[in-house]
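> Next input, structure requested:
(chains A, B and C)
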Amino acid sequence: MEDSEKTNQIVVLLIGPPGSGKSTFSDTVMRSSLRPWSRICQDIINNGEAGTKAQCLKMALSSLKEGNSVFIDRCNLDREQRSEFVKLGGPGIEVHAVVLELPAQVCISRSVKRTGHEGNLQGGRAAAVVNRMLQSKELPKVNEGFSRVMFCYNDADVEIAVNTYIKLGPMDTLPSGCFGEKKSDTKSQPGIMKFFKKVNALPASSSNEATNAMRKANEKTENSRLGSADIVHTLAFPSISTADFQFDLEQASDIIVEKAEEFLPKVGTARLVLVDLSHGSKILSLVKAKASQKNIDSARFFTFVGDITKLRSEGGLHCNVIANATNWRLKPGGGGVNAAIFKAAGPDLETATRVRANTLLPGKAVVVPLPSTCPLHNAEGITHVIHVLGPNMNPNRPDNLNNDYTKGCKTLREAYTSLFEGFLSVVQDQSKFPKRSNQTALSDSGSLEDTRDSGKKMSKEWSTWALALHTIAMHPERHENIVLEFSDNIVVINDQYPKARKHVLVLARQESLDGLEDVRKENFQLLQEMHNVGLKWVDRFQNEDASLIFRLGYHSVPSMRQLHLHVISQDFDSDSLKNKKHWNSFTSSFFRDSVDVLEEVKSQGKANVASEDLLKGELRCNRCRSAHPNIPKLKSHVRSCRSQFPEHVLQNSRLVARPET
DNA sequence: GTTCTAGAAC
DNA sequence: GTTCTAGAAC
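Model prediction:
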């Protein structure tokens, strides 16, 4: 919203099924607000009876003419239903959406219990109505024309939203953007919605969690038909050691959530799914609760009830990689998940496993590619099984840890680390060679060791424009006009197209270090030097302007040859920042903070790189994470956003800022 | 990496 | 009509 046009009226579309609390929301705001509001409720608009959309529109228009702001109190669940109300917006009138995305059970039980509800939705019919409505639900996006969208998933969120509107005086405005959204709802295609309805009609559960997972799953199933390059990598894994090995559930769930949180940023857009066969699974509910407490993205880490060998055919969830909680001999049998997976995969899995390993130590994992002849591969779309061995706490079994949880927790952590790193190696291999046919991809790397560049250094081909940095790094003395400083190991230059007020590059001078992927343990010293030189420039810039805040880091996949460290101020106030790729390359996890790279190279000998898919993601504010429909709107929001930076960025000195004076 | 531009979105 | 994006060429 430009400053020149003063906004003082708001149309708030409340979005949610019956029982989600739309009427309560508007009533609560109207009771305490200083701003004049009208509530347009389709259920009572016709002299206390239900009316039509047209009547609502007409009444909204007349309320706006009187100078009131309005609540549109009808379900508004799909885009088409909302479109005409969005058009009420214009000069001086903003349109907001408040999404009441409460669990279906809550809405159903509320609308069943309701006696005085104006909509006259009674008894058992309510459940059917709510369910049907939720199936055609389309969550709103900022690009529908809303200047602001706010998501509420529970009563606490609702309270925050209510207070936001209560506090809003007659002339106040709210920041634009999309707030509080938990899952990144990728483009929903009509075909997918249809497909979703079909699968959802299966006898399976009606729980919110399963429904969500199912919807996500189907988006991906659909994608995989379009071509394997579009697949959303998904790892389904059972809880390790908590079944037969009797590991304590509280501690195990802590470790699962901790490790998932650690790995999610590393695996690009890939997803992790904890699977259990039984509905009342204690471990699933513990993990689910802890993950939501930590605000972990529920679209990328969630729990799922089903048979891990039949997730696609029976659960509608396509996972290209599954984990097996195995035994040390890597043999079939023993019951539980191990028996089930070996049985479903047939002899192919045993043969393929033998090629990789004969035995496994606790805490370790081994990645096994499945041949396309394997039933799990062609029926379920599973390309890799990762065997994991967890700690054994079962006193009735040999070699148990005799209740030593210090050791047990350490080994369990190690097991999940090995598992997720194995998954990461699958994701990276496939994104590195996206165009290869399935057949050749399969014969490739399955081990945890990096075998990719040992044989062939099929060095990437670089276009001429991409060689500029390399040339400067090799001959800094020939480029005096642009080089700020150089030594034997590094060159510092201003980025030719700075994406922020201050943006310099620290180039490595070593030949053959083209990008982050080439970095190994032996380059640690060099990376440290680059980091220190970067910090020195930050210090200089902050001496000139103490309000500048910096991040230092690398692009996961650079466009230009020669390893270069970006030192960039976080205002992103620059005309050269023009598109989504620019923005996401510095503000998504595609940007690998130098401190993290250093840590990873030190501990694991190489740095993790994120997928290029991240560059296509939504445009979100680097501070408050609100989403915006296009670059100009994003930039105008970012100019004025004073929110604190996200927790992750604030930690481990990823952000370099002067203390406030 | 940028520039240019067709055509989608508004 | 204008604004904005995305893809091709460099």
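> So for stretch A:316-335, first residue to last residue, what's the gap.
Using C-alpha to C-alpha, to the nearest Å, the end-to-end distance of stretch A:316-335 comes out at 25 Å.
> can you check stretch A:510-523 too?
Using C-alpha to C-alpha, one end of stretch A:510-523 lies 9 Å from the other.
> Could you give the number of residues near A:Asp307?
15 (other C-beta atoms under 10 Å). For glycine as for every other residue, the C-beta is placed from the backbone atoms N, C-alpha and C.
> Likewise for A:His96?
22.
> Am I right that it falls within a helix?
No: applying DSSP: H, G, I helix; E, B strand; the rest coil, one finds A:His96 to be strand, outside a helix.
> ok, the residue lying closest to A:Ile160 once chain neighbours are set aside - contacts?
In space, and not counting its chain neighbours, A:Ile160 is closest to A:Cys152: 7.7 Å by C-beta to C-beta, 6 or more residues apart in numbering. Going by C-beta atoms under 8 Å, 6 or more residues apart in numbering, A:Cys152 touches A:Val98, A:Val99, A:Leu100, A:Glu101, A:Leu102, A:Val158, A:Ile160, A:Ala161, A:Gly180.
> out of these, who has the most neighbours?
Of all the contacts of A:Cys152, the highest neighbour tally under other C-beta under 10 Å goes to A:Val98, namely 30 neighbours.
> Cross-check the contact I'm expecting between that one and A:Phe146.
No: using C-beta atoms under 8 Å, A:Val98 is not in contact with A:Phe146, being 9.9 Å away.
> shared neighbours of the two, anything?
A:Leu13.
> how would you label whichever residue of the stretch 101-250 of chain A sits closest to DNA strand C: helix, strand or coil?
Nearest to DNA strand C, among the residues of the stretch 101-250 of chain A, is A:Asn143, at 9.3 Å (C-beta to the nearest atom of the strand). The assignment at A:Asn143 comes out as helix when based on three-state DSSP.
> Tell me the spatial nearest neighbour of it, not counting adjacent residues.
A:Pro629 (3.8 Å).
> Could you give the number of residues near that neighbour?
Number of residues near A:Pro629 (other C-beta under 10 Å) recorded here: 19.
> For the stretch 551-661 of chain A, give the residue positioned nearest to DNA strand C.
As assessed by C-beta to the nearest atom of the strand, DNA strand C sits closest to A:Asn630 within the stretch 551-661 of chain A, at 2.9 Å.
> Does that residue touch A:Leu619 like I think?
Yes: contact criterion C-beta under 8 Å: A:Asn630 and A:Leu619 qualify, at 7.2 Å.
> Which of the contacts of A:Cys152 fall within helices?
Within the contacts of A:Cys152, residues falling in helices by DSSP state H are A:Val158, A:Ile160, A:Ala161.
> For the closest residue to A:Ser626 other than its chain neighbours, grab phi and psi.
Once flanking residues are discounted, A:Ser626 sits nearest to A:Gly177: 3.0 Å by C-beta to C-beta, 6+ apart. Backbone torsions of A:Gly177, given as degrees, to the nearest 10, read phi 120, psi -180.
> Distance-wise, check the residue in the stretch 501-650 of chain A that DNA strand B sits nearest to relative to A:Phe590.
Of all residues in the stretch 501-650 of chain A, A:Ser559 sits closest to DNA strand B, at 2.4 Å by C-beta to the nearest atom of the strand. From A:Ser559 across to A:Phe590, the span is 12 Å (C-beta to C-beta, to the nearest Å).
> out of the two, which sits in the more crowded spot?
A:Phe590 (23 against 13).
> ok, the more buried one - contacts?
Going by C-beta under 8 Å, 6+ apart, A:Phe590 touches A:His555, A:Ser556, A:Val557, A:Asn584, A:Ala610, A:Ser611, A:Glu612, A:Leu614, A:Leu615.
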